[in-house]
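# Need coordinates for the following:
(2 chains)
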Amino acid sequence: EAQVTQNPRYLITVTGKKLTVTCSQNMNHEYMSWYRQDPGLGLRQIYYSMNVEVTDKGDVPEGYKVSRKEKRNFPLILESPSPNQTSLYFCASSSLTGNTEAFFGQGTRLTVV
Amino acid sequence: KNEVEQSPQNLTAQEGEFITINCSYSVGISALHWLQQHPGGGIVSLFMLSSGKKKHGRLIATINIQEKHSSLHITASHPRDSAVYICAVRYKKNTGNQFYFGTGTSLTVIP
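This next block holds a predicted model:
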């Protein structure tokens, strides 16, 4: 089954404690991306990757890091989380050729206290 | 920066009604996506459009590139259509594809 898998689904952490949210896709997609969703602001793009070792900033990259060492994985790293990073996070992937429909992960609800 | 505006923000309809959700954007794009988000939070892609019109079951999406406007129509609406519908525009940069999103239209269909 074609899917994008995020882990964990829920996470409560404390300010300053480094964390990683994993994202993996099984569709051999070139394009992967991270978004955060906040009430009243909607979805905003954090980082994206066009292929292995190719990443770029989206609209709200501050406080986040990403890496794309393998095509299937695109982890989101918060080196020093702060309460303003409390949000619902989505990872998505798509092909860059042919059918470029986007596939989304189930979401990760992060609370930073 | 590409601004994306959706209307209406909230919509309540009786089962069977024809529904239209609108999306306008401010600069040239390479594609537009319509997404559906159910109360559980998961997001599903409904359509990806770069021109014209697409139909899938009771859903129809259209885009007018010159007017920078897209519409999502739901015919014969049903309570299971209740969800948040989100418009997303894809903008091609030198370094790749960047996305901007509308804030969503919350649809409730009453039996």
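# Next up, the contacts around residue A:47.
By CB atoms under 8 Å, 6 or more residues apart in numbering or on different chains, residue A:47 lies in contact with A:33-34, A:55-58, A:61, A:64, A:66, A:76. Glycine gets a C-beta too; all of them are placed from N, C-alpha and C.
# can you narrow those residues to ones near chain B?
Taking CB under 8 Å from any CB of the partner chain, the overlap between the contacts of residue A:47 and the neighbourhood of chain B is A:33, A:56, A:58.
# Which element, helix or strand, includes residue B:88?
Using DSSP states H and E, the element containing residue B:88 is strand B:83-93.
# Next secondary structure after that strand?
Proceeding C-terminally, strand B:83-93 gives way to strand B:96-101 as the next helix or strand, assigned by DSSP H and E.
# Does that following strand reach chain A?
Yes: where contact is defined by CB under 8 Å from any CB, part of strand B:96-101 touches chain A, namely B:96-101.
# Which residues of chain B lie near chain A?
Residues of chain B that fall close to chain A, judged by CB under 8 Å from any CB: B:1, B:31, B:33, B:35, B:41-45, B:48, B:86, B:88, B:93, B:95-104.
# rerun at 7 Å
Residues of chain B lying near chain A by CB under 7 Å from any CB of the partner chain: B:31, B:33, B:41-43, B:45, B:48, B:86, B:95-99, B:101-104.
# Buried subset of the residues you listed as a PyMOL selection?
Typed into PyMOL, the next command selects the buried ones out of the residues of chain B next to chain A (criterion: 16 or more other CB atoms under 10 Å in any protein chain shown):
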select buried, chain B and resi 31+33+43+45+48+86+96+97+98+99+101+102+103+104
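# ok, which stretches of chain B are strands?
Chain-ordered strands for chain B, with DSSP state E as the definition, fall at B:4-7, B:10-14, B:19-25, B:31-37, B:43-49, B:52-56, B:59-64, B:69-74, B:83-93, B:96-101, B:105-110.
# Pipe those strands into a markdown table and attach distance to residue A:101 per row.
A markdown table is the format used below for the strands of chain B (distance: least, CB to CB, whole Å):
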| stretch | distance to residue A:101 |
| --- | --- |
| strand B:4-7 | 19 |
| strand B:10-14 | 25 |
| strand B:19-25 | 17 |
| strand B:31-37 | 8 |
| strand B:43-49 | 5 |
| strand B:52-56 | 11 |
| strand B:59-64 | 12 |
| strand B:69-74 | 15 |
| strand B:83-93 | 12 |
| strand B:96-101 | 13 |
| strand B:105-110 | 20 |
